[in-house]
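Colleague: whatever this is, show me its structure:
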Amino acid sequence: MFYQPSDGHGLAHNPFNAIVTPRPIGWVSSRGKSGDNLAPYSFFNAVAYQPPQVMFASTGSRSDSSFGKDSTTNIQQTGVFCVNVVEQAMLDQMNQTSGTYESQTNEFELAAVKSCECQTIPCLRVADAPANLECRVTEIVELKGESNLVVFGEVTGVHLRDDCIKDGFFDILHFSPVGRLGYFDYCVVDDSFSMMRPAK
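Modeller: All right, here's what the predicted structure looks like:
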């Protein structure tokens, strides 16, 4: 099968999200004039080591938000955000925060997510997450299409939950991170293997 996106795919559901999988989930917390916000984004990844930088993309907009969605509106106002790593034990809470709520809604309270203040930025973080990345915005890029935004940030603070550190490594199998697949599907990392790069 071949299709050009401009012509449509002819399938019952758009396969694009199912092709680029699995994708890590950036559970983004932000703070703005309307209060604190927490929302998951599956167009998320780390993009640089030195200095450490991450990105997430937001698609679509809300009528009561001035710049895309609540997260991007808040981030435009403050220039900061925090990415919280989603573990399997938090899957239901993460999903609860993915709903479309009024801008004044505090998703931390809505989903009973324990929060605490970040250390390098004025923002809440998910207190019990396996890891949190405190970020300052370096750039917000407007992509082709309506309300497609990419937020880049430099990581200014890293929290690692103590029980996830094993023999000097951040052990992802200890907490089983959640990934996004296509449609309404998710996956959990519960196995891994190592491969060495070829020698020169």
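Colleague: pull the number of nearby residues for Gly32.
Modeller: 21 (other C-beta atoms under 10 Å). Quick note: C-beta positions are derived from backbone N, CA and C, even for glycine.
Colleague: pLDDT score for the closest residue to it other than its chain neighbours?
Modeller: Take Gly32 and drop its neighbours on the chain: the residue closest to it by C-beta to C-beta, 6 or more residues apart in numbering is Asn74, 3.1 Å away. pLDDT, Asn74: 95.
Colleague: and Gln104, by the same measure?
Modeller: 89.
Colleague: wasn't the residue nearest to Gly32 part of a strand?
Modeller: No. Under the criterion used here (DSSP: H, G, I helix; E, B strand; the rest coil), Asn74 is helix, not part of a strand.
Colleague: wait, what's in contact with it?
Modeller: By C-beta atoms under 8 Å, 6 or more residues apart in numbering, the residues touching Asn74 are 30-34, 37, 81.
Colleague: and if you look at Ser176?
Modeller: Counted by C-beta under 8 Å, 6+ apart, Ser176 has contacts 87-89, 188-190.
Colleague: for the residue nearest in space to the middle of the chain, phi and psi?
Modeller: Geometric centre of the chain, nearest residue: Gly26, 1.3 Å, by C-alpha atoms, centre = their mean. When read as degrees, to the nearest 10, the backbone of Gly26 gives phi -100, psi 110.
Colleague: cool, and Ser71?
Modeller: phi -60, psi -50.
Colleague: so what's it up against?
Modeller: 28, 30, 37, 39, 41, 58, 81.
Colleague: against Asp163, how distant is it?
Modeller: Separation of Ser71 from Asp163 (C-beta to C-beta, to the nearest Å) stands at 29 Å.
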